[in-house]
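Trainee: Show me how the following folds:
(chains A and B)
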Amino acid sequence: MIGDVANAIRDVFSKETAFTFAVGILLIGLVVSYLVWRWTHRFFERMDINDAVEGTSFERTAQGMGTSTAGIIGSMLAAFAYILALIIAFNVAQISDTALFWARVANYLPRLFIALVAIIVGLLAGEKGQLLVQERLQSIKLPEAAIIPVLVKYSIYYIAGLISLAQLGVATAALLVLLGAYAFGLVFLGGLAFRDLLAGAAAGVYLLLHEPYSIGDEVRIEETRGIVQEVDMFVTHVETDGEEYIIPNQQILRDGVVRIRD
Amino acid sequence: MTGLGDLLDELVADIDALLLFSQDGSAFETFNEPDVSTVVVAKENTVDADEFVELPLDFTDVGGRIRFGIEGALGQELITEDDEVVCLTRSFEENDVDTIIRIRADEFTQTGVYSLFTNSRPDADVVRDVLEVAIELGKKGQKGKPVGALFVVGDAGKVMNKSRPLSYNPFEKSHVHVGDPIVNVMLKEFSRLDGAFVISDSGKIVSAYRYLEPAAEGVDIPKGLGARHMAAGAITRDTNAIAVVLSESDGMVRAFKAGDIVLELDPEEY
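Mentor: From the prediction side, this is the model:
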């Protein structure tokens, strides 16, 4: 495509003009890349991305190198714009005969760029995800729970890596299968493990919305007779003479309830 | 100053335990000695002390705070009844630790204020949330006017069977829990309704507008308190619930358990 534009320009103008044109394109590229760089910074500021990524290790590393996430992405975009301008200029001036090579590079560049962006976004999102899950799990004082945020982080890293590798044209089929197996395991085993809880919650939604019985009612569920003390998402507490039965909601919905009125 | 120093030495001589009412890490480091057990009494165990009593409320009154700390330490068997205990606490807002009190652990007759939180049917958090609502209601009143309220917390099934509705239950088919800021506003608005609030073990507001009908025989509350307190005493005697009462006449918040007043707070001090 770039080659076509270059040919068209060379057809219209003389060789010397084409060279001047190329220099002009270089200058324009310089300005455009600077504008892109500025625009990225402003965009980051406006979208509050700077605040969002603050404190992640990627941002820290970037800051250690005297720049920031906005700076890195801005520089990348600027470099991208400039290289593009360079290639067009080269093509126009026909300085290089290996036009085919450059055209290929030009086609390859966007993909490289997307791959880099995918990695950066993945690193940031992974860390953010880990933090988010960590905050959620803060109330659970269980050492084993600490593995979940880490798992979340590396899952996001893995997906980001996969996207960028696919962009670069590396064969990712095997990795994709691995991801599929992982997701399947998560859904399938999760569903298996939480089957009772999910069923209980589904029944609990009905029981809480329609309140066929409420706290204080005397009920009989199977052989258990007593006063309802508590209904929550998963279980119903029924108490009789100092014995409190905790009955899963799905069992109540399946077996039915007898409300005792007298 | 040797006289003063001697007095302090005397105060802390031969003690069995130290109750530290502060979650300041450096204070804990300073006082944590191997031969005297140091019990931290605070809202949160930020210093990772092995011996820790959770303080559910900011007791402004030093006596109440120490009473709670000692009952808590006794309840967890961190100290025994004939231990000599030194309490380090604060009496004034601006200080961290400014008061040293030496006391025998059995000095107080146990009021059960600690077991009100830990050994009651409702969760400790629920008890605390209800007390906080009552305190806030007592402080501000309902639209500036003093107001009374009665919260019956826990054993809701039995309480519901020992009471009847005075009118439609505004909390019917709602699933709200105390401690939620919005719900606290709702509770304050509904406090103009007559009757009691019934709250379940987990903090769900089951009903407002309940007329309590417990058997009131044998309930002994101080003379001068009204029907609301009598009802609270009776319902806690008759069921395993606890009750939190905000008095309309003297503005005090009182907590009842098993028919007795276990805690009395002045909302103005909080």
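
Trainee: Please count neighbours and contacts with C-alpha atoms only from this point.
Mentor: OK.

Trainee: Residue A:44 touches residue A:70, doesn't it?
Mentor: Yes. Residue A:44 is within contact range of residue A:70, at 6.3 Å (criterion: C-alpha atoms under 8 Å).

Trainee: continuing past the helix or strand containing residue B:67, what's the next helix or strand?
Mentor: Using DSSP states H and E, residue B:67 maps to helix B:62-75. Beyond helix B:62-75 on the C-terminal side, the first helix or strand identified by DSSP H and E is strand B:84-89.

Trainee: buried sites along the next helix or strand after that following strand?
Mentor: As assigned by DSSP H and E, the chain's next helix or strand after strand B:84-89 is strand B:99-104. Neighbour counts over strand B:99-104 (16 or more other C-alpha atoms under 10 Å in any protein chain shown) mark B:100, B:102-104 as buried.

Trainee: Pick out the most distant pair among these.
Mentor: The span of the buried residues of strand B:99-104, defined through C-alpha to C-alpha, is set by B:100 and B:104 at 13.4 Å.

Trainee: all strands for the stretch 101-250 of chain B, in order.
Mentor: Using DSSP state E, counting those that start in this stretch, the strands found in the stretch 101-250 of chain B span residues B:149-153, B:163-165, B:196-199, B:205-212, B:242-246.

Trainee: Could you pull up the residues touching residue B:20?
Mentor: With contacts defined as C-alpha atoms under 8 Å, 6 or more residues apart in numbering or on different chains, the neighbours of residue B:20 are B:28, B:38-41, B:87-89.

Trainee: Kindly recompute the last result at 10 Å.
Mentor: Residue B:20 is in contact with B:27-28, B:31-32, B:38-42, B:52-53, B:66, B:69, B:86-90, B:97, B:100, counting by C-alpha atoms under 10 Å, 6 or more residues apart in numbering or on different chains.

Trainee: What's the mean pLDDT across stretch A:158-169?
Mentor: The pLDDT scores in stretch A:158-169 average 84.

Trainee: and what of stretch A:25-44?
Mentor: Across stretch A:25-44, pLDDT averages out at 84.

Trainee: Quick check: buried residues in that stretch?
Mentor: For stretch A:25-44, by 16+ other C-alpha under 10 Å, it's A:25-27, A:29-30, A:32-34, A:36-38, A:40-41, A:44.

Trainee: Give the intersection of the neighbour lists for residue A:44 and residue A:70.
Mentor: By C-alpha under 10 Å, 6+ apart, residue A:44 and residue A:70 have these common neighbours: residue A:50.

Trainee: Would you mind naming what in the stretch 101-250 of chain B lies close to chain A?
Mentor: Proximity of the stretch 101-250 of chain B to chain A is confined to B:154-163, B:172-175, B:200-204, B:206-207 under the rule C-alpha under 10 Å from any C-alpha of the partner chain.

Trainee: and the angle from the longest helix belonging to chain B to strand B:149-153?
Mentor: If you go by DSSP state H, chain B has its longest helix at helix B:124-140. Helix B:124-140 runs at 180 degrees relative to strand B:149-153, counting by axes from the mean of the first three to the mean of the last three C-alpha atoms, to 10 degrees.

Trainee: pLDDT of helix B:124-140, averaged?
Mentor: 88.

Trainee: Break the chain down into its structural domains.
Mentor: The chain I'm using is chain A. What automatic domain parsing lists as the domains of chain A is A:1-96, A:214-259.

Trainee: ah, I was thinking of chain B
Mentor: Taking automatic domain parsing as the reference, chain B has its domains at B:2-110, B:119-269.

Trainee: now the last one, how far from the centre of its chain.
Mentor: It refers to domain B:119-269. Taking C-alpha atoms, centre = their mean, to the nearest Å, one finds domain B:119-269 lying 13 Å from the centre of the chain it belongs to.

Trainee: per-residue pLDDT, residue A:11?
Mentor: Looking at residue A:11, its pLDDT reads 67.

Trainee: Same question for the one 3 residues further on.
Mentor: Model confidence at residue A:14, given as pLDDT, is 65.

Trainee: same deal with residue B:95?
Mentor: 68.

Trainee: How about residue A:79?
Mentor: For residue A:79, the pLDDT comes out at 86.

Trainee: give me the element the residue nearest to it when sequence neighbours are not counted is part of.
Mentor: Nearest residue to residue A:79 in three dimensions, chain neighbours excluded: residue A:33, at 6.8 Å (C-alpha to C-alpha, 6 or more residues apart in numbering or on different chains). Using DSSP H and E, the element containing residue A:33 is helix A:15-46.

Trainee: starting at the chain centroid, how far to the next helix or strand after that helix?
Mentor: Going down the chain from helix A:15-46, the next helix or strand is helix A:49-53, by DSSP H and E. How far helix A:49-53 lies from its chain's middle: 15 Å, per C-alpha atoms, centre = their mean.

Trainee: on contacts alone, who are the packing partners of helix A:49-53?
Mentor: When contacts are defined as 3 or more C-alpha pairs under 10 Å, 6 or more residues apart in numbering or on different chains; DSSP states H and E, helix A:49-53 sits against helix A:15-46, helix A:57-64, helix A:69-93, helix A:99-136.

Trainee: Output that helix as PDB, nothing but the C-alphas.
Mentor: Output of helix A:49-53 as PDB, limited to C-alpha atoms (Å, rounded to 0.1, in the frame of the first residue of the first chain):
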ATOM      1  CA  ILE A  49      -5.200   5.900  33.900                       C
ATOM      2  CA  ASN A  50      -2.200   7.400  35.700                       C
ATOM      3  CA  ASP A  51      -4.000   7.100  39.100                       C
ATOM      4  CA  ALA A  52      -5.300   3.600  38.200                       C
ATOM      5  CA  VAL A  53      -1.900   2.100  37.500                       C
END
